[in-house]
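# predicted model, plus sequence, below.
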Amino acid sequence: MRVDPHLLHGWNVYQGKVTNLQVSEAYGMAYSAPENTIAAWSQ
């Protein structure tokens, strides 16, 4: 599965992981880079 890099900027949470750095900082939650999170799912 190919992931659209522009779509990654619109994601805040994916499968329970915060994939937006600003959201994670605002709520004091762990950040998970969307490229890594989506890549792990699509394999």
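Here it is on my side, so go on. Just so it is clear, the structure is predicted and the values come from calculations on it, not from any experiment.
# for the protein, what spans make up the helices?
Taking DSSP state H as the criterion, the chain contains helices spanning 5-8, 21-27, 34-42.
# looking at these, which is closest to Tyr14?
When these are compared by Cβ to Cβ, helix 34-42 sits nearest Tyr14, at 5.3 Å. For every residue, glycine as well, the C-beta is placed using N, CA and C.
# what average pLDDT does the closest one get?
Along helix 34-42, the predicted confidence averages to a pLDDT of 72.
# residue contacts, Asn20?
Counting by Cβ atoms under 8 Å, 6 or more residues apart in numbering, Asn20 touches 11-13, 31, 34.
# mind running it again at 10 Å?
Asn20 is in contact with 8-14, 26, 31-32, 34, counting by Cβ atoms under 10 Å, 6 or more residues apart in numbering.
# how about Met29?
With contacts defined as Cβ under 10 Å, 6+ apart, Met29 is in contact with 13, 17-18, 23.
# whichever of these end up buried, select them in ChimeraX.
The following ChimeraX selection, which keeps only the buried ones among the contacts of Met29, applies the criterion 16 or more other Cβ atoms under 10 Å:
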select :17,18
